[in-house]
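K.L.:
Starting from these lines, generate the structure:
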Amino acid sequence: MSKFADIEIDPGIVKRAADGDARAHEIIYRAFSTPVYSICLRFTKTPAHAEDLVQETFIEIMRSIANFRGEAALGSWIRRIAVTKSLMFLRSAWTKRGQSLSDDWDDRMAGEPVSHGISSHPDDAMDLDAALASLPDVARAVVWLHDVEGFTHKEIAGFMGKTESFSKSQLSRAYQRLRPLLSTGEIAEASGAAIGSY
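P.N.:
As a prediction, the model looks like this:
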């Protein structure tokens, strides 16, 4: 579950935050702002958009913290809010561009990798961040949610308002796209387990 699982906040701080304590709000913000920013940046690829989403996420957290029941870790709850805000941003971007959240991979990705500005030489292997950045928004979001954040296909489908099959299809196609980019070397070894199966 990325960095969220490593962050522990005293339940007393959460209670104080629920009661409107500004210092408790600050403690929660300082503890979780970096991993929230990381998620938002993965989805948006633009620091300014990620910063805006961090603010939106924490506004929602502070508005809703009184409803936090503690059935899951605070980090899990915050992570879900950050993911939801990021996906809402992407949906908005898709709408503005006249695109839908659909399985349009083949339309966008037809042709050889070279035709998309990607070198066909193994010596030009890209790092994992650059490889992920080369994916369409939907595919990148699915890979990140599944492989890094640990969400199931059912959960991803729920976030995106799609079916589990949609999530599985996007992940499979993203893996096909990533394999040639992550040729040999440390990155391929580090990501091999994740990219090998789902």
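
K.L.:
What mean pLDDT does stretch 129-141 get?
P.N.:
For stretch 129-141, the mean pLDDT works out to 82.

K.L.:
brain fart, stretch 10-23
P.N.:
95.

K.L.:
Go through it and flag the buried ones.
P.N.:
Buried residues in stretch 10-23, defined by neighbour count with 16 or more other C-beta atoms under 10 Å: Ile13, Val14, Arg16, Ala17. Every residue, glycine included, has its C-beta placed from N, CA and C.

K.L.:
Cross-check the contact I'm expecting between the third one and Ile28.
P.N.:
No: if you go by C-beta atoms under 8 Å, Arg16 and Ile28 don't touch, sitting 9.7 Å apart.

K.L.:
Among the buried residues of stretch 10-23, which ones are in helices?
P.N.:
Ile13, Val14, Arg16, Ala17 (DSSP state H).

K.L.:
Kindly provide the distance from the closest residue to the second one other than its chain neighbours to Lys85.
P.N.:
Spelled out, it's Val14. Leaving out its chain neighbours, the residue that sits closest to Val14 by C-beta to C-beta, 6 or more residues apart in numbering is Leu74, at 6.1 Å. As defined by C-beta to C-beta, to the nearest Å, Leu74 lies at a distance of 17 Å from Lys85.

K.L.:
ok, back up a step: can you report how many residues lie near the residue nearest to Val14?
P.N.:
23 (other C-beta atoms under 10 Å).

K.L.:
thought it was touching Asp10?
P.N.:
No: using C-beta under 8 Å as the test, Leu74 is too far from Asp10 to be in contact (10.0 Å).

K.L.:
circling back: between the buried residues of stretch 10-23, which is closest to Val148?
P.N.:
Proximity of those to Val148 (C-beta to C-beta) peaks at Val14, which lies at 25.3 Å.

K.L.:
Identify the residues contacting that closest one.
P.N.:
By C-beta atoms under 8 Å, 6 or more residues apart in numbering, the contact list for Val14 reads Ala24, Ile28, Ile65, Phe68, Gly70, Leu74.

K.L.:
This completes my enquiry, with thanks.
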